[in-house]
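Novice: here is my input; please provide its structure:
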Amino acid sequence: MKIVKGDIVYLRSGRDRAGLSRLRKATGLEKREQAEQFRTQVETMPMTEQIERANTVEGVRGRVLRVLPREGKVVVEGLNKVTKHQKPRATGGAGMVQQGGRIEMEAPIPVSRVMLVCPHPNCNKPTRVGMREVIETRTTLSGPKQVKRRIRVCKQCGADIDRPTDVAQA
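Specialist: Below is the predicted model of the structure:
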């Protein structure tokens, strides 16, 4: 899976309506009208136009919170919000009661519905991802060792896409 936790992804348009609830909740008349137009025009547009138009509509991008590779799904911040009704219950010791009520949370979206956004400032568009192998030399206790490392590459601009975990460590 080429999408990892912390990536910025774009919700691809199509028949799957999951995640468009964020567009419905857009504040301001201008944003609502823009989102409404987008939803009505999606069915007749070719995929390339859908990607271009959705790139301009606010609310169809989000940060990946969790990746579920076994199910082939991702949880994206602010997209596909669901309401979970929870009963109050005693959790731990004396007097510890977990509060009940409605809890809003993000539900998983199929990974096929999202597209990685290139973080390069000149590109900053939804893109397909390619892979490139780089051979690195690492020093170990037994001496220098050559290791193959795979790097994600933007198919549009050719820039390397670092994993958010790699950026945080550097």
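
Novice: domain parsing of this protein, as residue ranges.
Specialist: If you go by automatic domain parsing, the domain ranges for the chain are 1-85+96-117, 127-170.

Novice: least reliable of these by average pLDDT, please.
Specialist: Here the lowest mean pLDDT among the domains of the chain goes to domain 1-85+96-117, at a mean of 73.

Novice: those helices in the protein, which residues are they?
Specialist: 21-24, 29-41, 47-56, 164-169 (DSSP state H).

Novice: test my guess that residue 130 contacts residue 155.
Specialist: Yes: counting by Cβ atoms under 8 Å, residue 130 does reach residue 155; the two are 5.3 Å apart. Where you see a C-beta, it was placed from the backbone N, CA and C, and this is true even at glycine.

Novice: between those two, which one's more packed in?
Specialist: residue 130 (13 against 10; other Cβ atoms under 10 Å).

Novice: pull the contacting residues for that one.
Specialist: Residues near residue 130 by Cβ atoms under 8 Å, 6 or more residues apart in numbering: 152-155.

Novice: quickly note the distance from it to residue 158.
Specialist: 9 Å (Cβ to Cβ, to the nearest Å).

Novice: now residue 7
Specialist: 18 Å.

Novice: neighbour count winner among those two?
Specialist: residue 7 (22 against 12).

Novice: excluding covalently adjacent residues, which one is nearest to the more buried one?
Specialist: residue 64 (4.8 Å; Cβ to Cβ, 6 or more residues apart in numbering).
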